[in-house]
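Novice: need coordinates for the below:
(one chain, ligands or ions: 1)
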Amino acid sequence: MTKKMQDALNIQCNAELESFYIYLAMSNDLENKGYKGSAHWMSLQADEEYDHYKQFSSFISDVEGSVSLEGINKPTTTWATIQDVFESGLAHEKTISKKINALVSIAKLEKDYSAENFLQGFVTEQVEEEVTFRDILTELNMIKDNSAGLLMFDKGLGNRSQIK
Ligand code: FEO
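Specialist: Numbers count the residues shown, from 1 in each chain. All right, here's what the predicted structure looks like:
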């Protein structure tokens, strides 16, 4: 693996850990707002990001690279509404999609076919991540501040049983 590819993948390891941290902060805020089901969903979302980190770090070590951990920025800790939490989640996933696409471009430039192949799974994953957040937001925007609707919505998210 070239240094350029290694450095770029290493930055992504940190981006996945930052995503983990951001979703933990969202989960805490949802819990504080009384949305226990949504907090549970977001906590599993955080676990999924940690799993992404592990996939990146395993790939780096499989191709004889090394992972170097960096500091993680303090995340936002409170949002005005549950809609704002999921809006922020969608915006965050869009930034991650751009990072993954940029990594694919680097893999192509470096003629690193194994990295390109590895990254394709994340190209697909990012489409799914954005759809998931968008679907949740559509539902929330229909419910607005209807308490019965929010209660049912929260119960529904509480049924999530695993990361993907
Ligand atoms: Fe690691 Fe939600 O993308």
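
Novice: helix or strand for Asn101, which one?
Specialist: helix 82-109 (DSSP states H and E).

Novice: would you indicate which residues of that helix are buried?
Specialist: 82-83, 85-90, 92-93, 96-97, 100, 103-104, 106-107 (16 or more other C-beta atoms under 10 Å). Every C-beta, even on glycine, is put in place using the N, C-alpha and C of the backbone.

Novice: out of these, who's near the ligand?
Specialist: Glu93, Ile96 (C-beta under 6 Å from any ligand atom).

Novice: wait, what's in contact with the closest residue to Thr2 other than its chain neighbours?
Specialist: Spatial nearest neighbour of Thr2, excluding adjacent residues (C-beta to C-beta, 6 or more residues apart in numbering): Glu110 at 4.9 Å. If you count contacts by C-beta atoms under 8 Å, 6 or more residues apart in numbering, Glu110 has them with Thr2, Lys4, Met5.

Novice: what's the helix or strand for the residue nearest to Leu90 when sequence neighbours are not counted?
Specialist: Setting aside the residues directly before and after it, Leu90 is nearest to Phe133 in space (C-beta to C-beta, 6+ apart), at 3.9 Å. Counting by DSSP H and E, the element that carries Phe133 is helix 113-143.

Novice: count of residues packed around the residue of the chain found nearest the ligand?
Specialist: Closest residue of the chain to the ligand, C-beta to the nearest ligand atom: His52 (3.8 Å). The burial count assigned to His52 is 22, neighbours taken as other C-beta atoms under 10 Å.

Novice: from memory it sits against Tyr23, does it?
Specialist: No: the pair His52 / Tyr23 is not scored as a contact, 11.2 Å apart, by C-beta atoms under 8 Å.

Novice: and Glu139, how far is that from Val131?
Specialist: In this view, Glu139 and Val131 are 13 Å apart by C-beta to C-beta, to the nearest Å.

Novice: those two: which is more packed in?
Specialist: A side-by-side neighbour count of Glu139 and Val131, using other C-beta under 10 Å, places Glu139 first with 15 against 12.
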